[in-house]
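# what's the 3D shape of this:
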Amino acid sequence: MNPHHRHHHHDPATGNPFDDKAATWDDDPTKIERARVVAAAIRDAIAPGATTRVLEYGAGTGLVSQFLAPHVGSLVLADTSRGMREAMEHKITTGVLPDDALVVDWDLADGTAPEASFDVVVTVLTLHHLPDPATALRAFAELLPAGGHVCIADLDEEDGSFHGDAHEGHVHHGFDRDDLRRQLEAAGFRDVQFSHVHSLERDSSTYPVFLAVARL
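Predicted coordinates for the structure are as follows:
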C-alpha cells in the first residue's frame, strides 16, 4: 500500500468545500451520534473481528472509524479534503484514532483503485457527492476479496432540499434503493441488504438514512 498514491481531479486553486468545515465538524453532537449509530449498525451487519481490514472512504474527520476502531483489525481513512485529512492525522497523534491508522488521499471517483486490499469498505454520506457513484462502486469491488463487504450509509431519495443551493454541481438527491441495488450488483456485489439506520434533521425536515450492506 502506497500512501503517496494520489489522484487529483479537482482544481487545487478552488480548494475543497470541506476543508473549511473540518476544524469545527466534530463540534456538532448530532454528527457524533450519527457516527455512533451507523458504526453500531455496521458492526451488527458484518460482525468484524481482530483481523478485519477496513477502508473508510470519504472518512471526513474519522468519526465512524473512531467507533469502529475497537472492533476491527486495521483502519485506512481516505478523504480528498486536506482539511479533513489533517483533522484525522491530529486524532491519530492525540490517540483518538489508533496510532496504526493510515490517512490517505485517494480519489476513487474515476474507478481507479490503488494496489491495496481490505475486508470491508465503509462510506457514509459520501456517495451522493460523487458524479458517478457506479464507477466508485467498481473501485470498491477491486479493493475487496471474494467475501468482502461494502457498507454504504447514505440518504434515501429526497427532493434536493437537503443540500439546498449550497452545493453546486454533481450532488445526487439521495438514492433510490432499487437503483443503488442494481448499481451494486453491476459492480459484482450480491446479497444486498438495506435497512433504515438513522434520520437527519435539517431545517425542520427529516431525512432518512439507509445502510446498504453487500458482499462480493
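# output stretch 145-165 in PDB with nothing but the alpha carbons.
This file holds the C-alpha atoms of stretch 145-165, laid out as PDB (Å, rounded to 0.1, in the frame of the first residue of the first chain):
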ATOM      1  CA  PRO A 145     -11.500 -10.100  -2.000                       C
ATOM      2  CA  ALA A 146     -14.300 -12.600  -2.600                       C
ATOM      3  CA  GLY A 147     -16.500 -12.500   0.600                       C
ATOM      4  CA  GLY A 148     -15.500  -8.900   1.300                       C
ATOM      5  CA  HIS A 149     -18.200  -6.400   2.300                       C
ATOM      6  CA  VAL A 150     -19.200  -2.900   1.300                       C
ATOM      7  CA  CYS A 151     -21.200  -0.800   3.800                       C
ATOM      8  CA  ILE A 152     -22.900   2.300   2.400                       C
ATOM      9  CA  ALA A 153     -24.800   4.700   4.600                       C
ATOM     10  CA  ASP A 154     -26.500   7.500   2.700                       C
ATOM     11  CA  LEU A 155     -29.700   9.400   2.200                       C
ATOM     12  CA  ASP A 156     -32.800   7.900   0.800                       C
ATOM     13  CA  GLU A 157     -34.100   9.700  -2.200                       C
ATOM     14  CA  GLU A 158     -35.100  13.300  -1.300                       C
ATOM     15  CA  ASP A 159     -36.300  16.400  -3.100                       C
ATOM     16  CA  GLY A 160     -33.000  18.300  -3.200                       C
ATOM     17  CA  SER A 161     -33.700  20.300  -0.200                       C
ATOM     18  CA  PHE A 162     -31.100  18.600   2.000                       C
ATOM     19  CA  HIS A 163     -28.200  20.500   0.400                       C
ATOM     20  CA  GLY A 164     -30.300  23.300  -1.000                       C
ATOM     21  CA  ASP A 165     -28.300  25.700  -3.200                       C
END
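# what mean pLDDT does it get?
Mean pLDDT, stretch 145-165: 89.
# what comes up buried for it?
148, 149, 150, 151, 152, 153, 154, 155, 156, 158, 162, 163 (16 or more other Cβ atoms under 10 Å). C-beta: built from backbone N, CA, C; applies to glycine.
# so which of these are in strands?
Using DSSP state E, the subset of the buried residues of stretch 145-165 located in strands is 149, 150, 151, 152, 153, 154, 155.
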